[in-house]
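> Show me the folded form of this:
(chains A and B)
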There are 2 protein chains.
Amino acid sequence: MVIRYPNGKSYSPPVSNPKKNKQSKKDYSFSNRGKTLEDEINETNEFYLDRNIAVIHKKPVPIQIVNVEYPSRSAAVIREAYFKTPSTTDYNGVWKGYHIDFEAKETENPTSFPLKNIHPHQVEHMKSVILQKGIAFLIIRFSSADKYYAVPYSMLEEKWKRMLQGGRKSIPLKEFEQEAIEINTGYSPRINYLEAVEQMLGK
Amino acid sequence: MVIRYPNGKSYSPPVSNPKKNKQSKKDYSFSNRGKTLEDEINETNEFYLDRNIAVIHKKPVPIQIVNVEYPSRSAAVIREAYFKTPSTTDYNGVWKGYHIDFEAKETENPTSFPLKNIHPHQVEHMKSVILQKGIAFLIIRFSSADKYYAVPYSMLEEKWKRMLQGGRKSIPLKEFEQEAIEINTGYSPRINYLEAVEQMLGK
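Numbers count the residues shown, from 1 in each chain, chains lettered A, B, ... in the order given. The predicted structure follows:
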């Protein structure tokens, strides 16, 4: 932010927290297109948590720490670390006694969702969750159409098997429209995915 | 490992993976005291997962990433990051349709467990999980006595309130013996904490 004074001088307020500043900027825009799907889900989860609707969190990014410095009188600093491939989904928690487990992905592709965005061990993980009577699904955002879908594990499994059998490597938008559950969006909560989960459960 | 031959010479096999070697070394000891509680719980969770008993994972350590290098032709390297205070518990997952959520701590103190080892927001988190009909508890290891206890959230809440009202800042071992559930240990699974959860549920 730069304030221009009549005398021609300019003033830039000190930026104490660049991240927060960026966030406030985003809030001024009329659409939510500047936000990532992760931001939107985190906001929705905060909404659910504040109102005692559900306790669902994003898991931290898994990293392999190689080197840590311990400067005296200040916090430990990680100086060398690497990103690890996640072995589970990114989000989980509990809602009305149900274990909730999902992965969220957005695609720029206007007509289909490429399955290469999902890791095989994530599919395995979701299958294990279902075996334990948890609820597992994907949230997919088609950015260009600004549409959001909840994909029950059963649907993902079917498309995944089709791919393994030599079929197509993506799920066409048309199949989302016919077989997935569209998620309603709004101001608060941003994407009410638990409504879609209720539909999955036939409630 | 050192093999002593009759000719008096010794042979040390090359160490290809120092971490794995350390692990094998540990396996030769008669007690499991060399292992951390985290190692033991991770082994137990692998046991549960392999046998389709439960899907429970440790969450990655939450860190704040400040600087990442992207060298060409090799993996991204995190060059500056800081540890963040966890806002939830370390372990969660699903077992027979139940959402499982717990924190694990060990203490060297032979007579009591200091409550300063638990963060206030972790207690808040566990309370929220209980409100959503999940199962929340602590696993506490008394290292010197080599005893393990499962502490249901209800017991923790009582002791926490006592502390907030000016009472003692720790839970004495005696109260663990009387009110918590002792966890059986063995070779495999190492610490069968789901047995203790079954007892909590009155099964």
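
> Residue A:190: how many residues sit nearby?
A count of nearby residues for residue A:190, using other C-beta atoms under 10 Å in any protein chain shown, gives 22. (Glycine included, C-beta is placed from N, CA and C.)

> what about the helices in chain A?
Taking DSSP state H as the test, the helices found in chain A are A:18-27, A:37-50, A:120-131, A:153-164, A:173-179, A:193-200.

> Contacts for the longest one, please.
By that I understand helix A:37-50. Contact partners of helix A:37-50, identified using C-beta atoms under 8 Å, 6 or more residues apart in numbering or on different chains, comprise A:32, A:53-58, A:91, A:93, A:95, A:104-106, A:139, A:141, A:188-194, B:128.

> Repeat that for the last one.
Contact partners of helix A:193-200, identified using C-beta under 8 Å, 6+ apart, comprise A:41, A:44, A:48, A:53-54, A:95, A:98, A:100, A:102, A:135, A:137, A:139, A:148, A:150, A:152, A:181-184.

> And the residues you listed, which of them are buried?
With burial judged by 16 or more other C-beta atoms under 10 Å in any protein chain shown, the buried subset of the contacts of helix A:193-200 is A:41, A:44, A:48, A:53-54, A:95, A:98, A:100, A:102, A:135, A:137, A:139, A:148, A:150, A:152, A:181, A:183.

> so of those, which ones are in strands?
With DSSP state E as the criterion, strands contain A:95, A:98, A:100, A:102, A:135, A:137, A:139, A:148, A:150, A:152, A:181 from among the buried ones among the contacts of helix A:193-200.

> Isn't the fifth one up against residue A:97?
No - under the contact definition of C-beta atoms under 8 Å, residue A:135 does not touch residue A:97, with a separation of 10.8 Å.

> and chain A, which of its residues are near chain B?
Residues of chain A lying close to chain B (C-beta under 8 Å from any C-beta of the partner chain) are A:49, A:52, A:54-55, A:57, A:59-63, A:65, A:75-83, A:87-88, A:92-99, A:101, A:125, A:128-129, A:131-134.

> For PyMOL, write the select line for the buried members of those residues.
Command for PyMOL that selects the buried part of the residues of chain A next to chain B, burial taken from 16+ other C-beta under 10 Å:
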select buried, chain A and resi 49+54+55+57+59+60+63+77+78+79+80+81+88+92+93+94+95+98+99+101+125+128+129+132+134
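
> returning to what we had before: name the nearest of the ones in strands among the buried ones among the contacts of helix A:193-200 relative to chain B.
The closest of those to chain B turns out to be residue A:95 (C-beta to the nearest C-beta; 6.0 Å).

> Name the nearest residue to that closest one, sequence neighbours excluded.
residue A:54 (3.7 Å; C-beta to C-beta, 6 or more residues apart in numbering or on different chains).

> mind listing what that neighbour touches?
Remark: with contacts taken as C-beta under 8 Å, 6+ apart, residue A:54 is in contact with A:45, A:48, A:93, A:94, A:95, A:96, A:100, A:194, B:132.

> now swap in residue A:172 and tell me
Contacts of residue A:172 were listed using C-beta under 8 Å, 6+ apart, and they are A:111, A:112.

> Which pair of the ones in strands among the buried ones among the contacts of helix A:193-200 spans the longest distance?
A:98 and A:148 (20.3 Å; C-beta to C-beta).

> re earlier: so which of the helices of chain A is nearest residue B:171?
helix A:37-50 (27.6 Å).

> Okay, buried residues for that closest one please.
Going by neighbour count (16+ other C-beta under 10 Å), the buried part of helix A:37-50 is A:37, A:40, A:41, A:42, A:43, A:44, A:45, A:47, A:48, A:49.

> Which single one of these is nearest to residue B:162?
So of the buried residues of helix A:37-50, ranked by how close each gets to residue B:162 (C-beta to C-beta), first place is residue A:49, at 26.8 Å.

> And the closest one, what's its pLDDT?
Here the pLDDT value assigned to residue A:49 is 97.

> Correct me if wrong: residue A:53 contacts residue A:94.
No - using C-beta under 8 Å, residue A:53 is not in contact with residue A:94, being 11.0 Å away.

> Please tell me how far the closest residue to residue A:188 other than its chain neighbours sits from residue A:184.
Using C-beta to C-beta, 6+ apart and skipping the chain neighbours, the partner closest in space to residue A:188 is residue A:47 (5.9 Å). Noted for residue A:47: a distance of 13 Å to residue A:184, by C-beta to C-beta, to the nearest Å.
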